[in-house]
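In: next come a sequence and a model predicted from it.
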Amino acid sequence: METITRHPPIVAKVPHILHGGDYNPDQWIKWKDTIWKEDMRLAKRSGVNSLSVGIFSWVALEPEEGVYRFEWLDEVMDMLAENGITAVLATPSGARPAWMSRKYPEVLRVNARRERNLHGERHNHCLSSPVYREKTLAINTRLAERYGSHPALGVWHISNEYGGECHCPLCQERFRTYIRNRYGSLDAVNEAWWTSCWSHIYTDWSQIESPSPLGEINTLGLNLDWKRFTTEQFVDFYLHEIKPLKKLTPAVPCTTNLMGTYPGVDYPRLAEVLDVASWDSYPQWTGTERDTEIACWTAFCHDLTRGLKGKPFMLMESSPSATNWRPVAKLHRPNVHMLQSMLAVAHGADTVQYFQFRKSRGASEKFHGAVVDHEGTENTRVFQDVAAVGERLKKLDGVVGTTTPAKAAIIYDWNIRWALDDIQGMLQSKTDYASTVVAHYAALRAQGINVDVIDSRRPLDGYSLVAAPMLYMLRPGVAESLGAFVKQGGTFAATYATGYVNESDLCFLGGFPGPLKEVLGIWCEEIDALYPEDRNAIQWNGARYEVRDLCELIHTRGAETLGVYGGDFYAGRPALTRNRYGEGRAYFIAARTDQDFLNAFYHTLIDEARIPRILKNVKTPPGVSVSSRTDGKIEYVFLMNVSPQTVTVDAGALGAKSLEPYETWITQIP
Ligand code: GLA
Ligand code: ZN
């Protein structure tokens, strides 16, 4: 297989990193002669080359049913083209006009308590509603007809932050159809959901309903399938939305803006139908040492979003300063805006976009960070920060389309998150799947390597090391693929709570970790949950590492014991094991450890798996994040101080470099 080293730019005719963001000129229609003109001047001054328009413009485009007003958007699109600005043009389905809710109440969502919404807010439509679908199709078709060949058009931005769920009768009907197609017979449904528990066997399809606090919430297989169905609703609605766009503008890429690890939609599934992945990133910077952790979570989400399509993604939204909906709307400290933007590029973003270009004058977002403040000029600190990013991005044309070379991957799977968040057992409120995966990710990244974040069903070719913390659910093919990976020489790291259930949340019989028992060479007999104040320990390599929360009691079945428990009635029993399987090795960590253990552990594994560090022979100090992108010839190395302290990095052949708080240094090798 040929490895791609450089992807085409997201907008074929724009070989630059896109810089810009959400722009709401419809909020300023009355003042267009002054404000719009000034916006164009300020856009150019801040190095903005792209603006996203029309995201919440439905009522401005269709003020009455079937009466369309495109004149203002014609003017905006022309103005963008004249100013060399690429339009990320949205379909307006993120928020609907009031006339529609009034005339067709079926478009209003129904919550799990079976209460129908009143009109208001956004992102709250019934995706099954034939009326809603018809209206969306009509306006999307007109947008594609009108702007399909407009020189400003670069990307279609489908709707906005798809999320939530609808429990109306129309959705219930579609859910039943989904379940019927998935299982074929009621008997298969009853078996998959184990409804013989508590006399919950369904005897007619019509008895199946979505989970509700007023009804069924303890049939965990039903809960899982409801989440899968909800994802399919979004996939289906997205495909419905893009039908006219694909027909009339097949070459224009389509995306919808995602939200990192938002649990409501299985993003790897939704991403199958996107041309390019994009997401909205709002790190909650604190100005303290905690920012190292915040940067790590943010980087994780960047890597996750990149992994969805395995190519550069769009940072569709970020705040140039305060984020109004955070409990503390803290300002970006000096260098933070640059850091946040470069962090995205470093992890594979080919765009740096904001919410929003000009601050809304009223309503809920009037105090959200924006490129242009109420004061209205370029003479603000935030504007200057944005302009500095614009300047720097202009020098990074070479980065566009480059790939992120990663020999290590970590698995993050929505299905596992759903099952663990819903678990009745272990630690109901602290299974902490997402933060556990991020803790392992942090330890890998601390070794100065790139890491891919992938769904459990992604092929593993090309990786030397795969980490899969809490691989609780083994979906079809996953155990086989991991087995083949290890057999062929791969290094695999697994933990407690692995291989308990199949895709329907039914426990594997014959011992955990189910179909991974042979690969890992162990049998997990029991799992102990600890109270918050309880601690145990793993003794490994002459050191003692504290463990908390969850401790699995395992037996070796071919694996060698590397570390043992330090306390309790299972003191001395295996807590860390390694199994040689085929040409490779499979490690098992039986308990939840702190970062000190994970750092030491992955240091050893990366050495063993011979994964080269981005900066050879360099130990990246805490607070420094290093990542790279390459076109196969030049490697762009990003060295970022993600802490509020000055740090000095001994960057090997590149010499010593002192980095100010939050400073980003970009260099090229060779
Ligand atoms: C979300 C939305 C935007 C805006 C921002 C504010 O990401 O997509 O419309 O409300 O939040 O942070
Ligand atoms: Zn509905």
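Out: Received, thanks. Ligands and ions are numbered 1, 2, ... in the order given.

In: packing partners of the strand or helix carrying Glu191?
Out: Element membership of Glu191, judged by DSSP states H and E, is helix 186-193. Contacts defined by 3 or more C-beta pairs under 8 Å, 6 or more residues apart in numbering; DSSP states H and E place helix 186-193 against helix 169-183, helix 220-248. C-beta here means a position set from N, CA and C on the backbone, and glycine is covered the same way.

In: just these: most buried one?
Out: helix 220-248 (a mean of 20; mean count of other C-beta atoms under 10 Å).

In: which is the next helix or strand following that one?
Out: Where DSSP H and E defines the elements, the next helix or strand beyond helix 220-248 is strand 254-255.

In: what helix or strand is Trp665 on?
Out: Element membership for Trp665 (DSSP H and E) is strand 664-669.

In: in that strand, which residues are buried?
Out: Residues of strand 664-669 classed as buried by neighbour count (16 or more other C-beta atoms under 10 Å): Thr664, Trp665, Ile666.

In: let's see it as PDB, backbone CA atoms only.
Out: What follows is strand 664-669, C-alpha atoms only, in PDB (Å, rounded to 0.1, in the frame of the first residue of the first chain):
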ATOM      1  CA  THR A 664       5.400  27.800  20.700                       C
ATOM      2  CA  TRP A 665       8.500  27.100  18.700                       C
ATOM      3  CA  ILE A 666       8.300  25.600  15.200                       C
ATOM      4  CA  THR A 667      11.200  24.200  13.400                       C
ATOM      5  CA  GLN A 668      12.000  22.100  10.400                       C
ATOM      6  CA  ILE A 669      14.100  18.900  10.100                       C
END
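
In: and it, what does it pack onto?
Out: Packed next to strand 664-669, using 3+ C-beta pairs under 8 Å, 6+ apart, are helix 336-346, strand 635-641.

In: quick one: closest of the ones you listed to Val67.
Out: helix 336-346 (40.4 Å; C-beta to C-beta).

In: how big is the angle separating that closest one from strand 635-641?
Out: Angle, helix 336-346 to strand 635-641, by axes from the mean of the first three to the mean of the last three C-alpha atoms, to 10 degrees: 150 degrees.

In: and this structure, what are its domains?
Out: 408-608, 624-669 (automatic domain parsing).

In: what's the most buried one of the helices and strands packed on strand 664-669?
Out: helix 336-346 (a mean of 25).

In: so it, near ligand 1 or not?
Out: No - Helix 336-346 stays clear of ligand 1 (C-beta under 6 Å from any ligand atom), getting no nearer than 13.4 Å.

In: I'd like to know which of the domains of the chain is closest to Leu222.
Out: Closest to Leu222 of the domains of the chain is domain 408-608 (C-beta to C-beta; 9.5 Å).

In: please name the nearest non-neighbouring residue to the residue in the stretch 251-400 of the chain that ligand 2 sits nearest to.
Out: Nearest residue of the stretch 251-400 of the chain to ligand 2 (C-beta to the ion) works out as Gly264 at 15.0 Å. Nearest residue to Gly264 in three dimensions, chain neighbours excluded: Gly163, at 4.9 Å (C-beta to C-beta, 6 or more residues apart in numbering).

In: who in this structure is up against ligand 2?
Out: Cys126, Ser128, Cys166, Cys168, Leu170, Cys171 (C-beta under 5 Å from the ion).

In: tell me the two of the residues you listed that are most distant?
Out: Cys166 and Leu170 (8.1 Å).

In: overlap in contacts, these two.
Out: Shared contacts of Cys166 and Leu170, defined by C-beta atoms under 8 Å, 6 or more residues apart in numbering, comprise Cys126, Ser128.

In: state the pLDDT value of Met1.
Out: Predicted confidence (pLDDT) at Met1: the value is 41.

In: next one: Lys32 from Met79, what distance?
Out: 9 Å (C-beta to C-beta, to the nearest Å).

In: which one of these two has more residues nearby?
Out: Remark: of Lys32 and Met79, Met79 carries more neighbours, 19 against 16, as counted by other C-beta atoms under 10 Å.

In: my read: Met79 touches Arg41, true?
Out: No - using C-beta atoms under 8 Å, Met79 is not in contact with Arg41, being 11.4 Å away.

In: report the closest residue of the stretch 301-450 of the chain relative to ligand 1.
Out: Closest residue of the stretch 301-450 of the chain to ligand 1, C-beta to the nearest ligand atom: Phe355 (4.2 Å).

In: just checking, that residue touches Ser321?
Out: No - under the criterion of C-beta under 8 Å, Phe355 makes no contact with Ser321, lying 11.2 Å away.

In: name the nearest of the buried residues of strand 664-669 relative to Arg290.
Out: Among the buried residues of strand 664-669, Thr664 lies closest to Arg290 (C-beta to C-beta), at 18.9 Å.

In: tell me the secondary structure for the spatially most central residue of the chain?
Out: Against the mean C-alpha coordinate of the chain, by C-alpha atoms, centre = their mean, the closest residue is Gly260 at 2.7 Å. Counting by DSSP: H, G, I helix; E, B strand; the rest coil, the backbone at Gly260 sits in coil.

In: helices along the stretch 351-500 of the chain, start to end?
Out: Remark: helices assigned in the stretch 351-500 of the chain by DSSP state H, counting those that start in this stretch are 381-394, 414-421, 433-445, 478-487.

In: buried stuff in the longest one?
Out: Taking 16+ other C-beta under 10 Å as the basis for neighbour counts, the residues of helix 381-394 that come out buried are Val382, Phe383, Asp385, Val386, Ala387, Ala388, Val389, Gly390, Arg392, Leu393.

In: pull it out as CSV, backbone CA atoms only.
Out: Presented in CSV, the C-alpha positions along helix 381-394 are these (Å, rounded to 0.1, in the frame of the first residue of the first chain):
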residue,chain,number,x,y,z
ARG,A,381,-5.2,42.9,22.6
VAL,A,382,-7.3,40.0,21.3
PHE,A,383,-7.3,41.4,17.7
GLN,A,384,-3.5,41.7,17.9
ASP,A,385,-3.3,38.1,19.1
VAL,A,386,-5.4,37.0,16.2
ALA,A,387,-3.4,39.0,13.7
ALA,A,388,-0.2,37.4,15.1
VAL,A,389,-1.6,34.0,14.5
GLY,A,390,-2.6,35.1,10.9
GLU,A,391,1.0,36.3,10.3
ARG,A,392,2.4,33.0,11.5
LEU,A,393,0.0,30.8,9.6
LYS,A,394,1.0,32.6,6.4
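
In: name the residues that touch that helix?
Out: By C-beta under 8 Å, 6+ apart, the residues outside helix 381-394 that reach it are 16-17, 19, 42, 45-48, 320-321, 332, 337-338, 341-342, 345, 352, 354, 369-373, 377-378.

In: residues contacting whatever residue of the stretch 351-500 of the chain ends up closest to ligand 2?
Out: Ligand 2 sits closest to Trp418 of the stretch 351-500 of the chain, with a gap of 20.5 Å, by C-beta to the ion. Counting by C-beta under 8 Å, 6+ apart, Trp418 touches Asn223, Leu224, Lys227, Pro263.
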